[in-house]
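[1] Any chance you could fold what I've pasted below:
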Amino acid sequence: MNDRLILLTGCSGGGKSTLLDALADRGFATMPEPGRRIVADELAGDGKALPWVDMNAFALRAIEVAKADLERAKRLDGPVFFDRGLIDAAVALEHSGGPTASETLGQTPPYAKRVFIVPPWQELFVGDDERRHDFDAAVQEHLRITRTLEKLGYTLHVLPKVSVTERAELVLTKLDQWSNSFSTI
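    Numbers count the residues shown, from 1 in each chain. This is a model prediction of the structure:
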């Protein structure tokens with residue numbers, strides 16, 4: 001486990017990528033969502049690993065990308081924020097009939113034990129060429145992810161439905177509080 005590796009996850013279309021951009025603008029290292037990168041590559045290529053074509057193939061690719069992101073992040077200094085990641089990919093693989101997320105992830109938690117969750121926020125949700133599922137499917141995915149995080153022993157901090165600036169401030173305040181609590185243990 002690495003307390004510097006901070007996962008932002010939750011509902012698709014809930015503002016994770018926008019929040020990640022705001023954190024990057026403040027000088028923090030970030031890792032963009034594996035799924036969006038895979039979909040863009042697949043749309044430009046043969047399209048065999050698109051989530052709406054073959055969810056299992058998509059999830060396996062997402063696991064590979066997320067693992068590579070984790071390895072890159074370990075070489076960086078300071079906190080690194082992830083827009084989704086290995087846990088999300090493991091949940092997708094389990095949902096597509098693969099092994100459980102626990103089996104895919106193994107014993108070592110890949111991220112800090114405290115995770116930021118964006119809740120379902122229908123007013124923000126927008127479908128596009130890379131996000132073809134509807135809001136109800138996004139909510140179901142959100143529920144699978146949060147249940148899995150809880151089973152894995154992660155502490156979830158649900159972000160309020162406020163502006164991206166307020167969310168970024170809240171994330172950094174919480175991160176500072178958590179860092180102080182680690183140093184007093």
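
[2] Strands of the chain, residue ranges please.
    5-10, 29-31, 80-83, 114-118, 155-158 (DSSP state E).

[3] Now distance to Val91 and mean pLDDT too, for those strands, in CSV please.
    For glycine as for every other residue, the C-beta is placed from the backbone atoms N, C-alpha and C. Converted to CSV, those look like this (distance: least, CB to CB, whole Å; pLDDT from 0 to 100):
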stretch, distance to Val91, mean pLDDT
strand 5-10, 9, 93
strand 29-31, 17, 96
strand 80-83, 14, 95
strand 114-118, 13, 94
strand 155-158, 14, 94
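
[4] Those into JSON lines, with extra columns for distance to Ile63 and mean neighbour count?
    Putting the strands of the chain into JSON lines (distance: least, CB to CB, whole Å; neighbours: other CB atoms under 10 Å) gives the following:
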{"stretch": "strand 5-10", "distance to Ile63": "15", "mean neighbour count": "26"}
{"stretch": "strand 29-31", "distance to Ile63": "14", "mean neighbour count": "21"}
{"stretch": "strand 80-83", "distance to Ile63": "14", "mean neighbour count": "25"}
{"stretch": "strand 114-118", "distance to Ile63": "18", "mean neighbour count": "22"}
{"stretch": "strand 155-158", "distance to Ile63": "22", "mean neighbour count": "13"}
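
[5] Which among the ones you listed is found nearest to Ala138?
    For Ala138, the closest of those is strand 5-10, at 9.5 Å, according to CB to CB.

[6] so what secondary structure elements neighbour that closest one?
    The helices and strands touching strand 5-10, judged by 3 or more CB pairs under 8 Å, 6 or more residues apart in numbering; DSSP states H and E, are helix 16-25, helix 55-74, strand 80-83, helix 86-95, strand 114-118, helix 135-151, helix 164-183.

[7] Run me through the strand neighbours of it, direction for each.
    The sheet places strand 5-10 alongside strand 80-83 (parallel), strand 114-118 (parallel), with pairing taken from DSSP bridges.

[8] what does that strand contact?
    Where contact means CB atoms under 8 Å, 6 or more residues apart in numbering, the residues beyond strand 5-10 that reach it are 16, 19-20, 70, 73-74, 79-85, 87-88, 110-112, 114-119, 142, 145-146, 149, 158-159, 171, 175.

[9] Also stretch 29-43?
    Counting contacts by CB under 8 Å, 6+ apart, the residues outside stretch 29-43 that touch it are 16-17, 20-21, 23-24, 48-51, 58, 61-62, 65-66, 69, 72-73, 76-85, 88-89, 129-130.

[10] Stretch 144-157 now?
    For stretch 144-157, contacts defined as CB under 8 Å, 6+ apart pick out 9-10, 87-88, 90-91, 94-95, 101-102, 105, 109, 111, 113-117, 174.
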